[in-house]
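Colleague: fold the following.
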Amino acid sequence: MMFEEKKLLNDIQQAALNIDVHLEGRRVFEEFAKSITKRRAVERELEIIGEATNNLLKINPELPISSARKIVNLRNRVIHNYDDVDEIIIWKVIMKDIPILLDEVQSLL
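Modeller: You can find the predicted model right below:
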(Lines give C-alpha, C1' and ligand atoms only; values in the text may rest on other atoms or scores of the structure.)
Protein backbone atom coordinates (compact mmCIF):
# COMPACT_ATOMS: atom_id res chain seq x y z
CA MET A 1 0.00 0.00 0.00
CA MET A 2 1.31 3.41 -0.97
CA PHE A 3 1.92 6.09 1.67
CA GLU A 4 -0.77 8.34 0.15
CA GLU A 5 -3.37 5.56 0.28
CA LYS A 6 -2.58 4.89 3.93
CA LYS A 7 -2.79 8.60 4.77
CA LEU A 8 -6.21 8.89 3.09
CA LEU A 9 -7.48 5.75 4.83
CA ASN A 10 -6.30 7.19 8.15
CA ASP A 11 -8.13 10.44 7.35
CA ILE A 12 -11.34 8.49 6.68
CA GLN A 13 -10.93 6.50 9.87
CA GLN A 14 -10.33 9.61 11.98
CA ALA A 15 -13.26 11.51 10.46
CA ALA A 16 -15.56 8.53 11.03
CA LEU A 17 -14.44 8.30 14.66
CA ASN A 18 -14.88 12.06 15.07
CA ILE A 19 -18.58 11.71 14.24
CA ASP A 20 -19.12 10.00 17.60
CA VAL A 21 -17.09 12.73 19.29
CA HIS A 22 -19.43 15.36 17.84
CA LEU A 23 -22.43 13.31 18.94
CA GLU A 24 -20.87 13.07 22.41
CA GLY A 25 -21.03 9.27 22.25
CA ARG A 26 -24.83 9.34 22.10
CA ARG A 27 -26.57 8.37 18.90
CA VAL A 28 -29.91 10.04 19.59
CA PHE A 29 -31.61 11.36 16.47
CA GLU A 30 -33.58 14.05 18.29
CA GLU A 31 -30.41 15.54 19.79
CA PHE A 32 -28.74 15.49 16.38
CA ALA A 33 -31.74 16.97 14.56
CA LYS A 34 -32.20 19.89 16.94
CA SER A 35 -28.51 20.84 17.16
CA ILE A 36 -27.19 22.79 14.20
CA THR A 37 -23.70 22.52 15.68
CA LYS A 38 -23.80 18.71 15.72
CA ARG A 39 -25.33 18.55 12.23
CA ARG A 40 -22.70 20.89 10.75
CA ALA A 41 -19.85 19.10 12.51
CA VAL A 42 -21.02 15.71 11.23
CA GLU A 43 -21.53 17.13 7.74
CA ARG A 44 -17.93 18.39 7.81
CA GLU A 45 -16.65 14.93 8.76
CA LEU A 46 -18.69 13.45 5.90
CA GLU A 47 -17.12 16.00 3.53
CA ILE A 48 -13.66 14.87 4.66
CA ILE A 49 -14.61 11.21 4.27
CA GLY A 50 -15.99 11.88 0.79
CA GLU A 51 -12.98 13.89 -0.36
CA ALA A 52 -10.52 11.30 0.93
CA THR A 53 -12.54 8.52 -0.70
CA ASN A 54 -12.60 10.40 -3.99
CA ASN A 55 -8.82 10.84 -3.86
CA LEU A 56 -8.38 7.15 -3.01
CA LEU A 57 -10.46 6.14 -6.02
CA LYS A 58 -8.21 8.25 -8.24
CA ILE A 59 -5.17 6.35 -6.93
CA ASN A 60 -6.76 2.91 -6.82
CA PRO A 61 -10.20 2.50 -8.46
CA GLU A 62 -10.27 -1.16 -7.34
CA LEU A 63 -10.09 -0.33 -3.64
CA PRO A 64 -12.58 -2.57 -1.81
CA ILE A 65 -14.79 0.06 -0.19
CA SER A 66 -18.35 -1.07 -0.81
CA SER A 67 -20.07 2.32 -0.89
CA ALA A 68 -17.25 4.42 -2.31
CA ARG A 69 -19.29 6.06 -5.07
CA LYS A 70 -22.20 6.78 -2.70
CA ILE A 71 -19.78 8.35 -0.23
CA VAL A 72 -18.39 10.69 -2.88
CA ASN A 73 -21.91 11.55 -4.08
CA LEU A 74 -22.97 12.41 -0.52
CA ARG A 75 -19.94 14.67 -0.14
CA ASN A 76 -20.88 16.47 -3.34
CA ARG A 77 -24.45 16.89 -2.15
CA VAL A 78 -23.42 18.26 1.25
CA ILE A 79 -21.03 20.76 -0.35
CA HIS A 80 -22.92 21.82 -3.46
CA ASN A 81 -26.56 21.31 -2.44
CA TYR A 82 -26.17 22.28 1.21
CA ASP A 83 -29.72 23.65 1.30
CA ASP A 84 -31.09 20.23 0.30
CA VAL A 85 -29.32 18.07 2.90
CA ASP A 86 -31.81 15.80 4.64
CA GLU A 87 -30.94 15.08 8.27
CA ILE A 88 -32.77 11.74 8.06
CA ILE A 89 -30.47 10.63 5.24
CA ILE A 90 -27.43 11.86 7.17
CA TRP A 91 -28.65 9.94 10.22
CA LYS A 92 -29.03 6.76 8.17
CA VAL A 93 -25.45 7.21 6.97
CA ILE A 94 -24.27 7.65 10.57
CA MET A 95 -26.13 4.60 11.83
CA LYS A 96 -25.78 2.18 8.91
CA ASP A 97 -22.99 3.19 6.54
CA ILE A 98 -20.28 4.66 8.78
CA PRO A 99 -19.84 1.46 10.86
CA ILE A 100 -19.42 -0.59 7.66
CA LEU A 101 -17.00 1.95 6.21
CA LEU A 102 -14.98 1.99 9.43
CA ASP A 103 -14.69 -1.81 9.39
CA GLU A 104 -13.58 -1.79 5.74
CA VAL A 105 -11.02 0.96 6.30
CA GLN A 106 -9.61 -0.70 9.41
CA SER A 107 -9.20 -3.99 7.56
CA LEU A 108 -7.36 -2.18 4.74
CA LEU A 109 -5.03 -0.48 7.23
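
Colleague: check which residues of stretch 89-99 are buried.
Modeller: Taking 16 or more other Cβ atoms under 10 Å as the basis for neighbour counts, the residues of stretch 89-99 that come out buried are 90-91, 93-94, 97-98. In this view, the C-beta of every residue, glycine as well, is placed from N, C-alpha and C.

Colleague: same check on stretch 41-55?
Modeller: For stretch 41-55, a neighbour-count test (16+ other Cβ under 10 Å) marks 41-43, 45-54 as buried.

Colleague: try stretch 64-84
Modeller: By neighbour count with 16+ other Cβ under 10 Å, stretch 64-84 contains the buried residues 65, 67-68, 71-72, 74-75, 77-78.

Colleague: residue closest to the middle of the chain?
Modeller: Among the residues of the chain, the one closest to the centroid is residue 46, at 3.6 Å (Cα atoms, centre = their mean).

Colleague: which one of the buried residues of stretch 41-55 is nearest to residue 29?
Modeller: residue 42 (11.9 Å; Cβ to Cβ).

Colleague: element containing that closest one?
Modeller: In this assignment (DSSP states H and E), residue 42 forms part of helix 36-59.
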